[in-house]
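Asks: Structure for the following, please:
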Amino acid sequence: MYKVFVNDKPLFLTNEVIKETDFQFFLLESIEVENLIVKMFQNKVQKAFLYHPDEKVLLKLFKEKIPVAKAAGGIVYNKNGEILFILRHGKWDLPKGGIEKKEKKKAAAIREVEEETGVTGMKITAKLQKTYHVFKRNGVYKLKLTNWYEMHTDFDGLPKGQIEEGIERVYWAKPEEIPAMLENSYENIKLLFE
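Replies: Numbering: from 1, shown residues only. A predicted model of the protein is given here:
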C-alpha cells in the first residue's frame, strides 16, 4: 500500500478490497484521478482508496494518470543530535527540492539542503522511505515523489534560509522540541518521524 497526501488528506493506493466506512473507494484503472484530487482540494473528499489487484503496478498506474516531479531531501543531524528544520509558508518542513536532469538522487538531496539552509559538509548515512504528495503549480496537479536520506554534518556556522524558496527560518531542533513542531507540519513529514 502507498500513502499519497493531497492537501494533507490521505489517498491510499491499495490491492486490498476494503469496506467503505469513513472514506471513498475507487477502481484505479477507471477513476479520473484529477477529478478526485480536485474534490480533495475542495474538501469534498476527506480520504480515499484507489484499488488495483496487482500491488506491483499500483504506483506505476497512478503515475501514468498524473505528472510526476521527483525530489530529494534530508533529515540532517548536527553533532549535538539536533535536526535541521525549515519554516516555509508558516509550517515546519524539512529541506528538499527537485532533482535536476541527469542528477543522482543523493547528490540532489545534499545540494537542496545546502541551497535551502546554507548548511554544508553533509554525509549521507542512511536511505529513508519515500513520501508522496500532490501539489498544484501553474494550474497543473503533480505527484511529488521525494527520496529522503539521513545525513550528518559538523557544520558550525549560522544556517541561512533561501528567501526565493519562501524559507522564513532555519532551525536546529532539539529532539524534545520535535513533537510540538510536527503538530504544525505536513503529514508526509510526520510519516518520516513515526
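
Asks: going forward, measure contacts and count neighbours with C-alpha atoms only.
Replies: Fine.

Asks: Show me what the top helix by length along the chain packs onto, helices and strands only.
Replies: Across the chain, the longest stretch assigned as helix under DSSP state H is helix 105-117. Here helix 105-117 touches strand 68-77, strand 96-98, strand 140-152, going by 3 or more Cα pairs under 8 Å, 6 or more residues apart in numbering; DSSP states H and E.

Asks: now that helix against strand 68-77, angle please.
Replies: Using axes from the mean of the first three to the mean of the last three Cα atoms, to 10 degrees, the direction of helix 105-117 lies 70 degrees away from that of strand 68-77.

Asks: hang on, the earlier thing: between the helices and strands packed on helix 105-117, which one is closest to F25.
Replies: strand 140-152 (19.7 Å; Cα to Cα).

Asks: tell me which residues in the closest one are buried?
Replies: Across strand 140-152, burial judged by 16 or more other Cα atoms under 10 Å covers Y141, K142, L143, K144, L145, T146, N147, W148, Y149, E150, M151, H152.

Asks: ok, back up a step: redo the helices and strands packed on helix 105-117 as CSV? Include distance to E177.
Replies: As requested, those are arranged in CSV below (distance: least, Cα to Cα, whole Å):
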stretch, distance to E177
strand 68-77, 14
strand 96-98, 21
strand 140-152, 19
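
Asks: Mind putting the ones you listed into JSON lines with mean pLDDT?
Replies: Converted to JSON lines, the helices and strands packed on helix 105-117 look like this (pLDDT from 0 to 100):
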{"stretch": "strand 68-77", "mean pLDDT": "97"}
{"stretch": "strand 96-98", "mean pLDDT": "96"}
{"stretch": "strand 140-152", "mean pLDDT": "97"}
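
Asks: Of all the ones you listed, which one comes closest to F12?
Replies: Nearest of the helices and strands packed on helix 105-117 (Cα to Cα): strand 140-152, 13.4 Å.

Asks: what pairs with the closest one, and is each one parallel or antiparallel?
Replies: If you go by DSSP bridges, strand 140-152 pairs up with strand 68-77 (parallel), strand 123-137 (antiparallel).

Asks: okay, those strands in JSON lines with distance to V4 next?
Replies: Below are the strands paired with strand 140-152 laid out as JSON lines (distance: least, Cα to Cα, whole Å):
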{"stretch": "strand 68-77", "distance to V4": "12"}
{"stretch": "strand 123-137", "distance to V4": "5"}
